[in-house]
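[1] Just a sequence and a predicted model for now, questions to come.
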Amino acid sequence: MALLVTLFAGAFFLLGALVAWRAHGHGAIEDYSVAIAFGSLACVAITDLAPEAIEVAEEHGWLLVASLIIAGAVVLIALDRMIPDHHAEDGEEGAAHIGAMAVLAVSVHNIAEGAAIFAIASQDLSAGLALALGVGLHNAPMGMLFYSTMESGRARGVAVLAAAVLSTFVGGLIMFLLGDVIDGAVMDGVVCVALGMIVYILFAELLPAMVRRGQPVRSIVGVVIGAAFVLVGSLFE
């Protein structure tokens with residue numbers, strides 16, 4: 001049952017994608033989805049990942065934490081360079097790239113979240129469901145972003161979305177199979193790497209995309225909505 005709870009959190013990616021699908025053809029949907037993703041990721045970084053990284057640094061040293069954060073950013077930079085022709089100013093491929101990279105960063109974070117959901121749900125199912133709901137609420141904006149920017153008919157896009165949906169389940173499965181041998185420091189390391197990825201996505205991809213779109217009102221509204229998703233979700237964590 002605890003593993004099913006981790007799937008519940010990942011299913012919120014599909015909920016966000018469904019919202020974007022229902023709004024298909026609305027010219028503002030991509031503007032809002034980028035801004036909502038920025039707001040939710042920034043809030044996750046500030047209220048969730050950064051405090052955890054500080055705790056890890058106090059226990060294991062700032063040099064290690066800084067190295068892991070930088071490593072997370074470097075991984076995305078390397079992937080960024082490996083994907084050709086994704087920096088078209090207003091092209092569909094450039095937008096699709098941003099969505100895929102954001103979903104990848106959140107999925108890495110969700111591995112650690114999935115492990116926590118499984119551990120809690122194994123002891124207290126209702127508490128595990130509440131945590132899954134909180135995590136799911138910041139997955140939904142990523143699903144919305146990814147679907148709204150995904151190139152239609154691309155099998156690769158479907159595969160990325162499926163991997164995102166399963167990311168919390170993967171974390172839970174790792175705990176189910178290896179929970180007795182995995183040191184908590186490993187999951188702390190995953191959190192730090194995810195923080196580096198998310199910071200890179202925020203300032204190298206999402207923020208420039210919002211500036212290029214030139215829709216300040218939509219951007220502000222979207223950022224507020226995205227942050228609200230995470231803050232509401234934190235009430236359940």
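    Sure, I can see it.
[2] just checking, what packs against the longest helix seen in the chain?
    Criterion DSSP state H: the longest helix present in the chain is helix 92-123. Counting contacts by 3 or more Cβ pairs under 8 Å, 6 or more residues apart in numbering; DSSP states H and E, helix 92-123 is packed against helix 2-10, helix 29-44, helix 62-82, helix 125-149, helix 155-165, helix 167-178, helix 184-200. From N, CA and C alone the C-beta is placed, and that goes for glycine too.
[3] any idea of the mean pLDDT for the last one?
    Averaged across helix 184-200, pLDDT comes to 85.
[4] roughly how far is stretch 223-237 from the heart of the chain?
    13 Å (Cα atoms, centre = their mean, to the nearest Å).
[5] cool, stretch 211-230 as well?
    With Cα atoms, centre = their mean, you get 17 Å for stretch 211-230.
[6] Export only the CA atoms of it, formatted as PDB.
    This file holds the C-alpha atoms of stretch 211-230, laid out as PDB (Å, rounded to 0.1, in the frame of the first residue of the first chain):
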ATOM      1  CA  VAL A 211      11.700  37.700 -20.100                       C
ATOM      2  CA  ARG A 212      11.600  36.700 -23.800                       C
ATOM      3  CA  ARG A 213       7.800  36.300 -23.700                       C
ATOM      4  CA  GLY A 214       7.400  39.900 -22.600                       C
ATOM      5  CA  GLN A 215       4.200  39.300 -20.600                       C
ATOM      6  CA  PRO A 216       4.900  40.800 -17.200                       C
ATOM      7  CA  VAL A 217       1.400  40.600 -15.800                       C
ATOM      8  CA  ARG A 218       1.000  36.900 -16.800                       C
ATOM      9  CA  SER A 219       4.400  36.200 -15.400                       C
ATOM     10  CA  ILE A 220       3.600  37.800 -12.000                       C
ATOM     11  CA  VAL A 221       0.300  36.100 -11.800                       C
ATOM     12  CA  GLY A 222       1.800  32.800 -12.800                       C
ATOM     13  CA  VAL A 223       4.600  33.000 -10.200                       C
ATOM     14  CA  VAL A 224       2.100  33.800  -7.400                       C
ATOM     15  CA  ILE A 225      -0.100  30.800  -8.500                       C
ATOM     16  CA  GLY A 226       3.000  28.500  -8.600                       C
ATOM     17  CA  ALA A 227       4.200  29.600  -5.200                       C
ATOM     18  CA  ALA A 228       0.700  29.100  -3.800                       C
ATOM     19  CA  PHE A 229       0.600  25.500  -5.000                       C
ATOM     20  CA  VAL A 230       3.700  24.800  -3.000                       C
END
